[in-house]
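Colleague: Whatever this is, show me its structure:
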Amino acid sequence: MKILLTLLLALVSGMACAGEAPHAYWNSAIAAFEAADRANPPPPGAVLFIGSSSIEHWKSVAADFPEVKVINRGFGGSEIADSTWFAGRIVAPYHPRAIVMYAGDNDIYYGHTPQRVRDDFAAFVREVRSFDPGVPVAFVAIKPSVARRSLLPQIRQANALVREYAATQKGVTYVDVFTPMLGKDGRPQQKWFGPDGLHMNRSGYELWIGLLKPWVDAHGR
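Modeller: The predicted model follows:
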């Protein structure tokens, strides 16, 4: 009986580790956020920007939205499910007034289907609303980058599915940055991006600021 119990505990432990494994890469980044929070507690009632490298690289985000308090918790290379997994550590403690998410870019690149992008975003909304019921959430559309132009069909579909989902939810908004970033020929434009064709330059962020500002100001004050 003792041997059976030991084997059962090992199986359960292994299943837990297997569940955590895809997200474990980010543990050090999340721990760094927690250390920063202890050293300099973030303001209550802020707008939380969360997601992948387009958020992480947005170092000027607080200055770009001076009318509201802002917290940046982007970690580059992450997928939507990573933000959901760590929400108890980098969403719940802040009780944000509103949340802006940019993710899904890497999800498509890593082979996830557009339907999974939509479903993972819906799971993120459910998770953060388990801490703060009704918290407004904006999904910034997956951008049409030059580096990932071959993925444009999947990106279009994922964006469309998220937009449709958001339309059925109270307080969930789809912010279309995808369409304005395309050229007249319907193709990605280098002018919004740095040399790698993936990460945005200041012009790209300025476009986003203009598109996000009405929502951020409305929900962040």
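Colleague: residue ranges for the helices of this structure, please.
Modeller: Residue ranges of the helices in the chain, as given by DSSP state H, are 2-24, 27-39, 53-56, 61-64, 80-85, 87-90, 105-109, 114-131, 152-167, 178-181, 202-220.
Colleague: so what does the second one touch, helix or strand wise?
Modeller: Packing contacts for helix 27-39, counted by 3 or more C-beta pairs under 8 Å, 6 or more residues apart in numbering; DSSP states H and E, involve helix 87-90. C-betas here are computed from N, CA, C, even on glycine.
Colleague: Remind me what the helix it packs on packs against, helices and strands.
Modeller: Contacts of helix 87-90 with other secondary structure elements, assessed using 3+ C-beta pairs under 8 Å, 6+ apart, are made with helix 27-39, helix 114-131.
Colleague: looking at these, which is closest to residue 56?
Modeller: Closest to residue 56 of the helices and strands packed on helix 87-90, according to C-beta to C-beta: helix 27-39, at 8.9 Å.
Colleague: contacting residues around the closest one?
Modeller: Contacts made with helix 27-39 from outside it, assessed by C-beta atoms under 8 Å, 6 or more residues apart in numbering, are listed as 73, 75, 86, 89, 90, 93.
Colleague: The last one and residue 220: what is the separation?
Modeller: In this structure, residue 93 and residue 220 are 18 Å apart, going by C-beta to C-beta, to the nearest Å.
Colleague: Over to the second one?
Modeller: To residue 220, residue 75 is 22 Å away according to C-beta to C-beta.
Colleague: what does the fifth one give?
Modeller: Look at residue 90 and residue 220: by C-beta to C-beta, they are 18 Å apart.
Colleague: neighbours around the closest residue to residue 83 other than its chain neighbours, how many?
Modeller: Beyond its immediate neighbours in the sequence, the residue positioned closest to residue 83 (C-beta to C-beta, 6 or more residues apart in numbering) is residue 50, lying 5.3 Å away. Other residues lying near residue 50 total 29 when counted by other C-beta atoms under 10 Å.
Colleague: Per-residue confidence, residue 50, what does it come out as?
Modeller: Here, the pLDDT recorded for residue 50 equals 98.
Colleague: Would you confirm that residue 187 contacts residue 149?
Modeller: Yes - the criterion here is C-beta atoms under 8 Å, and residue 187 meets it with residue 149 at 6.9 Å.
Colleague: related to what we said a few turns ago, out of the contacts of helix 27-39, which comes closest to residue 193?
Modeller: Proximity of those to residue 193, judged by C-beta to C-beta, is greatest for residue 75, which lies at 20.2 Å.
Colleague: Could you find the closest non-adjacent residue to that closest one?
Modeller: The spatial neighbour of residue 75 that comes closest, neighbours along the chain excluded (C-beta to C-beta, 6+ apart), is residue 29 at 4.5 Å.
Colleague: what's the neighbour count on that neighbour?
Modeller: What residue 29 shows, counting by other C-beta under 10 Å, is a neighbour count of 19.
Colleague: Arrange the contacts of helix 27-39 in CSV, one row each, with distance to residue 194 and neighbour count as further columns.
Modeller: Compiled in CSV, the contacts of helix 27-39 are given as follows (distance: C-beta to C-beta, whole Å; neighbours: other C-beta atoms under 10 Å):
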residue, distance to residue 194, neighbour count
73, 22, 25
75, 19, 23
86, 27, 22
89, 30, 15
90, 26, 20
93, 32, 14
